[in-house]
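S.K.: Next input, structure requested:
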Amino acid sequence: MAPGTRGQIAWSRLLALWLGLANGDVQQQFLKTQTVSLTHLQDVSWPDGSDVQDSQAWTNNNQNVRTNSIVEIEFAENIQASFGYITIQPAISGIGASSASATTISVPSSDVVISGQSLLLNDASSAGGRQIVFAEETVYILSFDAGIIQNLAMTDTNAAFSIQFTTGDFTAPTLLSMSPADESPNVPVTTTIVFTFSEDIQANPDVSGTAPTWGIQDPYQRQTPFSVAPKCSDAQITVSGASATITIDTTAFPILPCSQYQVVFAAKCFTDTSVNLNYAAALPSSSNYDWWTSCITSYSPAIGTYGVPINTDIVLTFAEQILRGTGNIVLTPLGEASQNYDVTDTSRVLIDGSQLQVTIVGDVPTDYLCLSLGADMQKCKGKPVDITIAAGVFGRVDTTAGVGSLPVNLEAQLTGPAPQHRDLQLASADDGHDHVDVPFTISAAAGLAALGQHFPSFGVREGFERLNFERRTSPKLFVPVKGSHLRNR
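M.R.: Numbers count the residues shown, from 1 in each chain. Purely as a prediction, here's the structure:
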C-alpha cells in the first residue's frame, strides 16, 4: 500500500461515518459482532480424565477463565486490520506499552491475529500470534476501540465495545512442611502428624465412594498390622486453613516406642478450596518421609518434680534392651561448659541387669552431677541443665525385624536445649538471705510421655544442692520456688 493510501482510506472511513451519523443510518456503517468465545488451552485434568473443559460459551463476565485462553471475536463478515488499540486492564507485563492500570495492544501488530471473520488474541499457534498469559484470579476488561478492524471492502468498521472475564485458580497446593520433620528422632508416641501446604486446602470428600487414601506403616513390619490406609475423608484428618492434622487411631494402629514409621498420601488426597479442586501431588513411599519414636519410656526423678538433691541418680528406662555404644551423655548447665559422661565409663553410667535401665550416677562426692565444675560448684548451683543423648550413644540388643534388620545404633534420645525459652534468675551465693530458684525450661526431646521434657535448674534447699526437674506446658508454669540461702562447697 502506498504511503499516502492508508491515510486516505482513514479519512474516507471517517467521512463515511460522519455521513452515516448525519443520515441516522449508523447500523449499516458498523460491522456486527456475532460471537465472543474463550477457548481454553490450559486444561486441568485429573488422572481419571474428569474435570476437563476445553471451552466455554461467552457470557459477559465469564468466571474461572483459564490463564492462556484464546480470546476470539467473530464478526458478520471477513475482516482485516485497520488502526487503533485494544486495551487490557489490568496491565500485563511485557505486552505492548504498559502502565500501572492498563496495557495497550496496537492494531495492526504481531499481537493480534485476524483470520476470516475472527480477531484472535493470545493465539500463539497462528502465524505471528503472540501468547498473553493472564494472571490467576483476576478480573480483566478488554476494550476495543472503534474502527480497529474493517471489512474487506473497507466500507464498514467496528463500533467500540468491551468484554469482561475473571480468571480462575489453577495452581495446585504444594506441601511446604511436615511435623514431625522428616527423619526426626525421639518422637513421642502421642504425636499428631501435621502437613502444611502453600494455600488453604480441604481433605478430598468421599463423594463417589472411591476417595483417595493416606497411610502409615512400620517399614520393618514388627507390629500387626504393620500398615493401615484410611480414606482421606476419614475423621482422623482435620483441616484448618493450609494445615491438615492427622490424629492417628492408636487402637487400630498402635504407635510403639523405639520404632520407625513412614507416612504417605495419594494424589487428590488434599485439594485447594477453589471450584477447580486443584490437588496436591502425592507423597509416595519413595519420598521416604519417616521418623522414629523415642525409646525412653520413663524418667527418675519424675518430670515435673522439684527439690531433687544434686547427688540423686538420674535413671532412664528404655522400651527394649540396650547396650553401650560410643559417645557421651552430655549435661550442660546454662552458660557453662558441657559435662560429658562417657557411656563407656562403668562407674558413672550404669546399665542394669535387665538392660532396660540406664543410671547416671550423681552421688559422687566432690563433683556430684557437676563433673568438672565440681571444684567451682557455684557454676552448677541454681542453673538449668540441658541433657543430650546423641545417636549411637546406645544401641539395641535385638535387631530382629519382619523385613530386614533394625539398625544397631539408636537414634538420638535427648536433643538438648531450646534457647528461646531461656528466662532465668539465679541466686547469689552466700548472701545471708533466702533466695528464689526460678524454674527454667530447656527443650530436651524426650521419650514416650511427650516431646520437650526438661531437666532444669540446680538450686539449694535445707543445706543440700538440688536439681529441679520441670516440664513446660505453658509460659504460666514459671513459678518461683522458695529455698534457703546458698552454701559454698
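S.K.: what's the neighbour count on T191?
M.R.: T191: 19 surrounding residues under other Cβ atoms under 10 Å. Glycine gets a C-beta too; all of them are placed from N, C-alpha and C.
S.K.: Give me the neighbour count for the nearest residue to it once chain neighbours are set aside.
M.R.: Closest residue to T191 apart from its sequence neighbours, by Cβ to Cβ, 6 or more residues apart in numbering: P180 at 6.0 Å. If you count neighbours by other Cβ under 10 Å, P180 ends up with 22.
S.K.: Run through the residues that contact P180.
M.R.: In this structure, P180 makes contact with V187, T191, I193, W291, judged by Cβ atoms under 8 Å, 6 or more residues apart in numbering.
S.K.: gap between it and I88?
M.R.: Per Cβ to Cβ, to the nearest Å, P180 is found 48 Å from I88.
S.K.: Is Q355 in a helix, a strand, or coil?
M.R.: Assigned by DSSP: H, G, I helix; E, B strand; the rest coil, the conformation of Q355 is coil.
S.K.: And the spatially closest residue to it that is not a sequence neighbour, its phi and psi?
M.R.: Nearest residue to Q355, sequence neighbours excluded (Cβ to Cβ, 6+ apart): Q321, at 3.9 Å. Q321 adopts backbone torsions of phi -60, psi 140, taken as degrees, to the nearest 10.
S.K.: For Q321, which residues are in contact?
M.R.: S354, Q355, L356, R396, V397, D398.
S.K.: pLDDT, distance to V330 and neighbour count for the residues you listed - can I get that in JSON lines?
M.R.: As requested, these are arranged in JSON lines below (pLDDT from 0 to 100; distance: Cβ to Cβ, whole Å; neighbours: other Cβ atoms under 10 Å):
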{"residue": "S354", "pLDDT": "94", "distance to V330": "25", "neighbour count": "9"}
{"residue": "Q355", "pLDDT": "95", "distance to V330": "22", "neighbour count": "14"}
{"residue": "L356", "pLDDT": "96", "distance to V330": "22", "neighbour count": "17"}
{"residue": "R396", "pLDDT": "96", "distance to V330": "21", "neighbour count": "21"}
{"residue": "V397", "pLDDT": "96", "distance to V330": "24", "neighbour count": "12"}
{"residue": "D398", "pLDDT": "95", "distance to V330": "27", "neighbour count": "9"}
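S.K.: Reformat these as CSV; add distance to K379.
M.R.: Shown next, in CSV, are the contacts of Q321 (distance: Cβ to Cβ, whole Å):
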residue, distance to K379
S354, 36
Q355, 35
L356, 34
R396, 36
V397, 38
D398, 41
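S.K.: Looking at these, spot the one nearest R222.
M.R.: R222 has its nearest neighbour among these in D398, at 10.1 Å by Cβ to Cβ.
S.K.: any idea how far P407 is from the residue nearest to Q355?
M.R.: 15 Å.
S.K.: And for Q236?
M.R.: In this structure, Q236 and P407 are 29 Å apart, going by Cβ to Cβ.
S.K.: now swap in G241 and tell me
M.R.: Counting by Cβ to Cβ, the gap from G241 to P407 is 38 Å.
S.K.: what do you get for R222?
M.R.: Distance from R222 to P407, by Cβ to Cβ: 13 Å.
S.K.: Check V385 too.
M.R.: Separation of V385 from P407 (Cβ to Cβ) stands at 29 Å.
S.K.: what about those two, which has more around it?
M.R.: A count of neighbours by other Cβ under 10 Å puts V385 above the other of V385 and P407, at 27 against 16.
S.K.: Could you give the bridge partners of the more buried one?
M.R.: Beta-bridge pairing for V385 (DSSP bridges): P333.
S.K.: And D342, by the same measure?
M.R.: Under the criterion used (DSSP bridges), D342 bridges to N328.
S.K.: Tell me the predicted confidence for it.
M.R.: pLDDT for D342: 97.
S.K.: Could you report the neighbour count for it?
M.R.: Count around D342 with other Cβ under 10 Å applied: 15.
S.K.: Could you pull up the residues touching it?
M.R.: G327, N328, R348, V349.
S.K.: Format those as a markdown table; extra columns: distance to F265.
M.R.: Below are these laid out as a markdown table (distance: Cβ to Cβ, whole Å):
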| residue | distance to F265 |
| --- | --- |
| G327 | 36 |
| N328 | 39 |
| R348 | 46 |
| V349 | 42 |
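S.K.: Just give me the closest of those residues to L371.
M.R.: R348 (8.4 Å).
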